[in-house]
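**Student:** The following comprises the amino acid sequence and a computationally predicted model.
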Amino acid sequence: MLSRTASNLYWMARYVERAENTARMLDVTYRMSLVPKDPRLADQEWFAPLNITGTLYPFGGRYSQVNATGVMRYMVLDPDNPSSIYSCARAARENARAVRGSITSEMWEVINGTWLEVQRLSEERMASDRVVDFFEWVKERSHLFRGVTVGTMLRDEAFHFNRLGTFMERSDNTARILDVKYHVLLPSVDDVGGAVDYYQWAAVLRSVSSFESYRKVYRDVIAPLKVAELLILRADMPRSLHACMNEVYDILQHICGPGEQEALRIAGEMHAALHYGRMDILFAYGLHEYLTEFLQRVHELGGEINRAFFAVDTRRLAA
Amino acid sequence: MPNAMTYAANFNEMYTSDGTVRKHYTGVAEWIAATSPDRIRQMREAANMLFHRVGITFAVYGEEAGAERLIPFDMLPHIIPGEEWRKLERGLRQRVQALNAFLKDVYHGQEILRSGRIPADRVLQNKLYRPEMVDVEVPGGVYAHIAGIDLVRAGAGEYYVLEDNLRTPSGVSYMLENRKMMMRLVPELFSQQSVAPVEHYPDLLLDTLRSVAQPQVENPTVVLLTPGQFNSAYFEHAFLAQQMGIELVEGADLFVDDDDTVYMRTTHGPQRVDVVYRRIDDDFLDPEVFRSDSVLGVKGLVRAFRAGRVTLCNAVGTGIADDKSIYPFVPEMIRFYLGEEPLLNNVPTYQLRNREDLEYTLAHLPELVVKEVHGSGGYGMLIGPTSTERERDAYRLRILDSPENFIAQPTLSLSTCPIFVEQGVAPRHIDLRPFVLSGKEIVMCPGGLTRVALREGSLVVNSSQGGGTKDTWVLE
């Protein structure tokens, strides 16, 4: 298929997934902000979404203060922030429009409908009593998109690139959400293992729809090591890094030809590390350090996918 | 309901001059009578909602970048009796055949020019004449594979060709979507009478495109080349590519290698392309030959085309045959190349490069329609009867500045067809664009795209100027 089409499909799916995960991340931050705490530390968790997405600096250039209103506005409505939910919906729609011939009309209608709705968003919808509903809506649209994709799309290369985008983005985003805890400081060292700590880990789980799964798998109280294990190493947990890399590796096995082996190799290496990884070793290394390195590897893999499929060397003839 | 005055003024497609319903409209008239206005309003709203959701929109130049609008859709079909269509079809085949013969001739022996039937300088000095095309062989000698011929009805109901569109005619997606919508909204009308189907147009088009690949190519790869998603007809490009199951490519997706062969960039390396259905104007097609600042085209495409390594549909240089300064000579072409009398009428045309015609036109501006010879899309026209004195004065200066750039035609009393309006139904002017496909043979779908001027009394049906569309039925 056309390189540009493949690239549009891949990015369309990435932007849908990104919008969903931004909603999840803001949701968890919002939940954490509701935990009672020292008034001097009010608003401090709103640094987390900015740190995680690496947007503290551009945010500072446009807003004077880091607080709920500003961060929400920046990450949901701001058309000048390329990763705001608004911008993601627009970018997903632009990519979809460029490949209308390669997606089903149901997929197009979901993406187009979402964009029409997002354009009507207002500050009012972001009011505290409605904001949780809004995040739910974003998640639902993303669920709908994936459902329609799986339910209607021919299992050809177009499908594979679309799914590749979904799981590349999700692996990146899950790693970032898990890292929220590193950025949200506990009020004091004494609080480690206390009620606030517990509540924050629970919020992380909820943000990736894994709270019930955690209970099912571990039948135990919320413990950081287990939360991390669930979201990193468990292959049966659909948003875990392991599950995402399972998908990515599997898809690349389908689409990589002789000239695209490097992408497959990187994915295989990442997949193996998760498949044979051990939580105690990983924790000893440092969760934040591990996640930072993982994000770096995902970024590398993304670059290799781009080189192999989207920016094709014209001297290499198709088989 | 329309009053007697409006029946008298123009030929009405649905009613005779005494107000009775024409025979081929009885089914629809009965349906209108039996359907409550509320139900009809609901259907119109449903149609709009569906068109919007599906994204059948077009971009409007001059508005905010990327602005998209719906083309208004009217539910009352334009109906043509089968017998009448067969006559039209013969006339259309004849006309397109002659136009293709003319194109082949002006880029080869130029016999029609040597015979003096068309002044040679009118062709050779025309900026739409492409010297790059001289002596280039195209498969089957076909240049305009896709032609949209605009027809109107005037006076007592006779048809006229208003203009030929031989470059990148658009609108066929609306013909297909309008039919789909009508079958969804009023299936009962289709079960009661036999409306000739049009849904096979994409198959006809793909067959036509494949039939004009270079003869040595066994299983030709066809692509549709679009200027991209900000083009006004992008929806149609995407739609047709999808319906035909071919790749929708942009200029940057293609490249021409040292072997003068066109390739597209795929996820597994370059893949050869044999036929390009291009929806980009000549000017932007190839920066190597035409506008060097074009980022929409493909460098070397014309080189590959001239080398016979790829077929372009339509060929380069077809604009010379649909230019409004050449239009008056089409009947002569039919006589010259086919030895037949034209079956379709031309509208009498004043050529303002002629002194007499210029004087007449300037003296009769309020009665005439004046058009730029190279213009299209309804931009830059003067419609005498509805113009103001100031508009005419301004236009007069433009004409005097370069008379050879203008033609004038009498204002035809265009036929009307009823449309649904808030108060019921009312007559509005229409035209019809059938699409004629020329490959190994000439084929077409019965009917075409009916465009309708939505404002009362308006004669402008172009979508870029606020026109709407209707489904077109040829009744068997």
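**Tutor:** Nice, I can see it. Numbers count the residues shown, from 1 in each chain, chains lettered A, B, ... in the order given.
**Student:** Just to be sure, residue B:408 is in a strand?
**Tutor:** Yes: membership of residue B:408 in a strand is supported by DSSP: H, G, I helix; E, B strand; the rest coil.
**Student:** Just the pLDDT at it, thanks.
**Tutor:** Model confidence at residue B:408, given as pLDDT, is 92.
**Student:** Residue A:315 now?
**Tutor:** Model confidence at residue A:315 (pLDDT) stands at 48.
**Student:** cool, residue A:98 as well?
**Tutor:** Listed pLDDT for residue A:98 reads 88.
**Student:** which residue packs closest to it, ignoring adjacent ones?
**Tutor:** Nearest residue to residue A:98 in three dimensions, chain neighbours excluded: residue A:8, at 4.7 Å (C-beta to C-beta, 6 or more residues apart in numbering or on different chains). Backbone N, C-alpha and C define where each C-beta goes, glycine included.
**Student:** My understanding was that the one you found contacts residue A:99; is that so?
**Tutor:** Yes: between residue A:8 and residue A:99 there is a contact under C-beta atoms under 8 Å: 4.4 Å.
**Student:** what about the closest residue to residue A:222 other than its chain neighbours, distance to chain B?
**Tutor:** Among residues not flanking residue A:222 along the chain, residue A:201 sits closest, at 4.9 Å (C-beta to C-beta, 6+ apart). Distance from residue A:201 to chain B, counting by C-beta to the nearest C-beta, to the nearest Å: 41 Å.
**Student:** number of nearby residues for residue A:201?
**Tutor:** 19 (other C-beta atoms under 10 Å in any protein chain shown).
**Student:** Kindly report the same for residue A:117.
**Tutor:** 13.
**Student:** What parts of the stretch 251-400 of chain B come near chain A?
**Tutor:** B:252-253, B:255, B:257, B:263-271 (C-beta under 8 Å from any C-beta of the partner chain).
**Student:** residue ranges with poor pLDDT in the stretch 301-450 of chain B?
**Tutor:** B:375-378 (pLDDT under 70).
**Student:** try chain A
**Tutor:** A:128, A:184-193, A:312-319.
**Student:** about what we covered before: for the residues of the stretch 251-400 of chain B next to chain A, give me a markdown table that also has secondary structure.
**Tutor:** A markdown table is the format used below for those (three-state DSSP):
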| residue | secondary structure |
| --- | --- |
| B:252 | helix |
| B:253 | helix |
| B:255 | strand |
| B:257 | coil |
| B:263 | strand |
| B:264 | strand |
| B:265 | strand |
| B:266 | strand |
| B:267 | coil |
| B:268 | coil |
| B:269 | strand |
| B:270 | strand |
| B:271 | strand |
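**Student:** From the residues you listed, list the buried ones, please.
**Tutor:** Burial by neighbour count, judged by 16 or more other C-beta atoms under 10 Å in any protein chain shown, picks out B:253, B:255, B:257, B:263, B:264, B:265, B:266, B:267, B:268, B:269, B:270, B:271 from those.
**Student:** I'd say the last one and residue B:249 touch.
**Tutor:** Read that as residue B:271. No: contact criterion C-beta under 8 Å: residue B:271 and residue B:249 do not qualify, at 10.8 Å.
**Student:** who touches both of the two?
**Tutor:** residue B:264 (C-beta atoms under 8 Å, 6 or more residues apart in numbering or on different chains).
**Student:** mind checking how far the residue nearest to residue A:222 is from residue A:221?
**Tutor:** Residue A:201 is 10 Å from residue A:221, where distance means C-beta to C-beta, to the nearest Å.
**Student:** Then residue A:210?
**Tutor:** For residue A:210 relative to residue A:221 (C-beta to C-beta), the value is 15 Å.
**Student:** more crowded one of those two?
**Tutor:** Higher neighbour count among residue A:210 and residue A:221: residue A:210, with 22 against 11, using other C-beta under 10 Å.
**Student:** ok, that one touching residue A:239?
**Tutor:** Yes: using C-beta under 8 Å, residue A:210 makes contact with residue A:239 at a distance of 6.8 Å.
**Student:** Need the overlap of contacts for these two.
**Tutor:** Contacts common to residue A:210 and residue A:239, judged by C-beta under 8 Å, 6+ apart, are residue A:231.
**Student:** Quick check: the nearest residue to residue A:153 once chain neighbours are set aside vs chain B, distance?
**Tutor:** Leaving aside its chain neighbours, residue A:153 sits nearest to residue A:159 (4.8 Å; criterion: C-beta to C-beta, 6+ apart). In this view, residue A:159 and chain B are 13 Å apart by C-beta to the nearest C-beta.
**Student:** burial of residue A:159, as a residue count?
**Tutor:** If you count neighbours by other C-beta under 10 Å, residue A:159 ends up with 19.
**Student:** circling back: pull out the buried residues from the one helix or strand the residue nearest to residue A:222 maps to.
**Tutor:** If you go by DSSP states H and E, residue A:201 is part of helix A:195-207. Under the neighbour-count criterion of 16+ other C-beta under 10 Å, helix A:195-207 has A:196, A:197, A:200, A:201, A:202, A:203, A:204, A:205, A:206, A:207 buried.
**Student:** I'd say the last one and residue A:31 touch.
**Tutor:** So that's residue A:207. Yes: counting by C-beta under 8 Å, residue A:31 is a contact partner of residue A:207 at 7.5 Å.
**Student:** quick one: residue A:231 is in a helix?
**Tutor:** Yes: assigned with three-state DSSP, residue A:231 falls within a helix.
**Student:** how far away is it from residue A:177?
**Tutor:** 8 Å.
**Student:** Repeat that for residue B:203.
**Tutor:** Distance from residue B:203 to residue A:177, by C-beta to C-beta: 50 Å.
**Student:** Which one of these two is surrounded by more residues?
**Tutor:** Taking other C-beta under 10 Å, residue B:203 and residue A:177 do not tie; residue A:177 has more neighbours (24 against 12).
**Student:** pretty sure the more buried one contacts residue A:23?
**Tutor:** No: applying C-beta under 8 Å, one finds residue A:177 not in contact with residue A:23, separated by 11.1 Å.
**Student:** Contact partners for residue 294?
**Tutor:** If you meant another chain, say so; for now it's chain A. A:171, A:175, A:241, A:270.
**Student:** look at chain B instead
**Tutor:** B:251, B:283, B:284, B:285, B:286, B:287.
**Student:** Can you give me every residue that contacts the fifth one?
**Tutor:** Contacts of residue B:286 were listed using C-beta under 8 Å, 6+ apart, and they are B:294, B:297, B:298, B:299, B:300, B:301, B:302, B:303.
**Student:** go with 6 Å
**Tutor:** B:297, B:301, B:302 (C-beta atoms under 6 Å, 6 or more residues apart in numbering or on different chains).
**Student:** ok, residue A:10 - contacts?
**Tutor:** Here residue A:10 is in contact with A:161, A:164, A:165 (criterion: C-beta under 6 Å, 6+ apart).
**Student:** Dump those into JSON lines; add neighbour count and secondary structure as well.
**Tutor:** Below are the contacts of residue A:10 laid out as JSON lines (neighbours: other C-beta atoms under 10 Å in any protein chain shown; DSSP: H, G, I helix; E, B strand; the rest coil):
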{"residue": "A:161", "neighbour count": "27", "secondary structure": "helix"}
{"residue": "A:164", "neighbour count": "27", "secondary structure": "helix"}
{"residue": "A:165", "neighbour count": "28", "secondary structure": "helix"}
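**Student:** List just the nearest of the residues you listed to chain B.
**Tutor:** Among these, residue A:161 lies closest to chain B (C-beta to the nearest C-beta), at 7.7 Å.
**Student:** Distance-wise, check that closest one relative to residue A:87.
**Tutor:** 21 Å.
**Student:** do the same with residue B:453
**Tutor:** Note on residue B:453: its distance to residue A:87, by C-beta to C-beta, is 40 Å.
**Student:** Can you report phi and psi for residue A:79?
**Tutor:** Dihedral angles of residue A:79 (phi, psi; degrees, to the nearest 10) stand at phi -70, psi -20.
**Student:** Tell me how many other residues crowd the closest residue to residue A:48 other than its chain neighbours.
**Tutor:** Spatially, and ignoring its direct neighbours in sequence, residue A:48 is nearest to residue A:183 (4.2 Å; C-beta to C-beta, 6+ apart). Around residue A:183 there are 17 other residues, counting by other C-beta under 10 Å.
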